[in-house]
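[1] Structure for the following, please:
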Amino acid sequence: MKNGAKVLLGLWMLSIAALPGCGFKDIDRRFFVMAIGIDGSGIEDKPFRVSLKLAIPFPKIQPGQTNAYRLVSDDASTITEAVRHIKSKVDKELDFSQSKMIVVGKAISGKILEKDMLDWFLRRRDIQSCSYMALGDPSAEAVLNVKTSSERFPGDSLFLSFDRDGTESSYIATESLFDFHRRVREKGIDPYLPLIRTIDDSAFLIDQVAVFDKERMKAILTSEETRIFNELVARIQSFDIETKTEQVQFALSVHRFRYAYDIRDAPPAINLKGRIVAQAEESTEAFYTRPWTYYEQLAERQAETRYARLLQKLQRLNVDPVGFGLRYRATRYGKEKDWKAWQALYPKVAFHPKVSIDIKSSGGIK
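    Reported below is the predicted structural model:
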């Protein structure tokens, strides 16, 4: 009996020894893909140029020293083919688990709305759905090739710009992969992407946003329009309001902002009511020379004008990134019938923004 048990134990140990090892590869045998860029190649049978920003592992992270990277590009008919061919250009396995940035070249902005391209990012289990998306000008490859001296690792400057762990700017619009996909597919709300422009090899600028319908890019908003866009779409809580008249010019720093709206069918109108709590940050005259209500009313009128102008511009472009159409569908029960009614109603809608501003402090000492 004992001899039989020993024989079985020996056979079991031999079978374990014959099993192959696990497929996990050590960190020094992997390239971490930090960002993905998609451009047009200009080649008919290979329309896509895919660029991967690969981080080179270091034992210790130091700003400006451990942000070494390798940018590898390839032209192919599909993104899948390009990635597989890039593997033949590197000596380590590609790991997409750390990738948090997807940049699409401005020249092929309409391609990102196509199902095949977007599905590649959504189907891969190792690409995060919370990855940030943006347009690159002049190209995605040029944006990924920017190397800032403050980066702790490759792509860190882009991550900090969009996730608001670093800079908090009212000019930077943030869009993630899952939300962009929702906007592309959902009726009543349209997609948008921030625009990254390269200044030189060590700096970039993010202060504009591109708006889309379901088929193509319709326009790129100015930096001032982008700031107002963020207030309405992202509902940011920290921004500035500049007011200028012939008598006085002043700026308010906003600490709290909220708004609500209702949609009227007859006559077609959207009544938007907003409330802002702010503090005076800069002024050409002391705030104690007049009642504060005077400055509040000036700022309110100009804020209402700015909101109305942007909403009217989006209406002329026939895009709806705010999601008025989605609200209209959600509050009615006709399904497809209500969607067709909204498509006829939106071009005729009159916008009536009403803003209430409460100045809590003059920002100075009397």
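[2] before we move on, what SS does residue 341 have?
    Following DSSP: H, G, I helix; E, B strand; the rest coil, we place residue 341 in the helix state.
[3] Tell me the predicted confidence for the closest residue to it other than its chain neighbours.
    In this structure, residue 341 finds its nearest non-sequential neighbour in residue 334, 7.3 Å apart by CB to CB, 6 or more residues apart in numbering. Using the backbone N, CA and C atoms, a C-beta is placed for each residue, glycine as well. For residue 334, the pLDDT comes out at 76.
[4] Quickly note the distance from residue 334 to residue 322.
    22 Å (CB to CB, to the nearest Å).
[5] Residue 96 too?
    33 Å.
[6] Low-confidence bits of this structure, can you list those?
    Scanning the chain for pLDDT under 70 picks out 1-27, 59-67, 363-366.
[7] Give me the more crowded residue out of residue 334 and residue 322.
    residue 322 (19 against 10; other CB atoms under 10 Å).
[8] The more buried one and residue 314 touch, don't they?
    Yes - Residue 322 is in contact with residue 314 according to CB atoms under 8 Å; the separation is 7.5 Å.
[9] Which parts of the protein belong to which domain?
    Domain segmentation of the chain under automatic domain parsing yields 26-234, 237-366.
[10] Single out the most deeply packed of those.
    Most buried of the domains of the chain, by mean neighbour count (mean count of other CB atoms under 10 Å): domain 26-234, with a mean of 18.
[11] Residue 278 is in contact with residue 255, correct?
    Yes - the criterion here is CB under 8 Å, and residue 255 meets it with residue 278 at 6.4 Å.
[12] list residues touching both of those two?
    residue 360 (CB atoms under 8 Å, 6 or more residues apart in numbering).
[13] Against residue 349, how distant is residue 266?
    For residue 266 relative to residue 349 (CB to CB), the value is 12 Å.
[14] Just the strands from the stretch 201-350 of the chain, written as ranges.
    203-212, 217-220, 239-244, 249-264, 269-283, 350-361 (DSSP state E, counting those that start in this stretch).
[15] Out of these, flag the one nearest residue 342.
    Closest approach to residue 342 among the strands of the stretch 201-350 of the chain (CB to CB): strand 249-264, 8.9 Å.
[16] mind listing what that closest one pairs with, with the direction of each?
    Looking at strand 249-264 with DSSP bridges, its partner strands are strand 239-244 (antiparallel), strand 269-283 (antiparallel).
[17] Ok, which of those strands comes nearest residue 193?
    In terms of CB to CB, the element of those nearest to residue 193 is strand 239-244, at 20.3 Å.
[18] chain center to the longest helix along the chain, what's the gap?
    When the chain is parsed with DSSP state H, its longest helix is helix 292-316. Chain-centre distance of helix 292-316: 25 Å, with CA atoms, centre = their mean, to the nearest Å.
[19] just stretch 347-356 next, same as before
    That offset, for stretch 347-356, works out to 26 Å (CA atoms, centre = their mean).
[20] For that stretch, list the C-alpha coordinates in PDB.
    Provided in PDB are the C-alpha atoms of stretch 347-356 (Å, rounded to 0.1, in the frame of the first residue of the first chain):
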ATOM      1  CA  PRO A 347     -33.600  74.500 -35.300                       C
ATOM      2  CA  LYS A 348     -36.500  76.700 -34.100                       C
ATOM      3  CA  VAL A 349     -35.700  76.800 -30.400                       C
ATOM      4  CA  ALA A 350     -35.200  80.200 -28.800                       C
ATOM      5  CA  PHE A 351     -32.700  80.300 -25.900                       C
ATOM      6  CA  HIS A 352     -33.500  82.400 -22.800                       C
ATOM      7  CA  PRO A 353     -30.600  82.200 -20.300                       C
ATOM      8  CA  LYS A 354     -31.100  83.900 -17.000                       C
ATOM      9  CA  VAL A 355     -28.100  84.200 -14.700                       C
ATOM     10  CA  SER A 356     -28.000  85.300 -11.100                       C
END
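[21] Quick one: residues in contact with that stretch.
    By CB under 8 Å, 6+ apart, stretch 347-356 touches 263, 267-276, 300, 303-304, 307-308, 311-312, 315, 318, 324.
[22] go again using 6 Å as the cut-off
    268-275, 300, 303-304, 307-308, 311 (CB atoms under 6 Å, 6 or more residues apart in numbering).
[23] How about stretch 281-294?
    With CB under 6 Å, 6+ apart, stretch 281-294 has contacts from 248, 249, 250, 251, 253, 280, 359, 362, 363, 366.
[24] circling back: which one of the contacts of stretch 347-356 sits closest to residue 214?
    For those, the nearest to residue 214 is residue 311 (19.6 Å; CB to CB).
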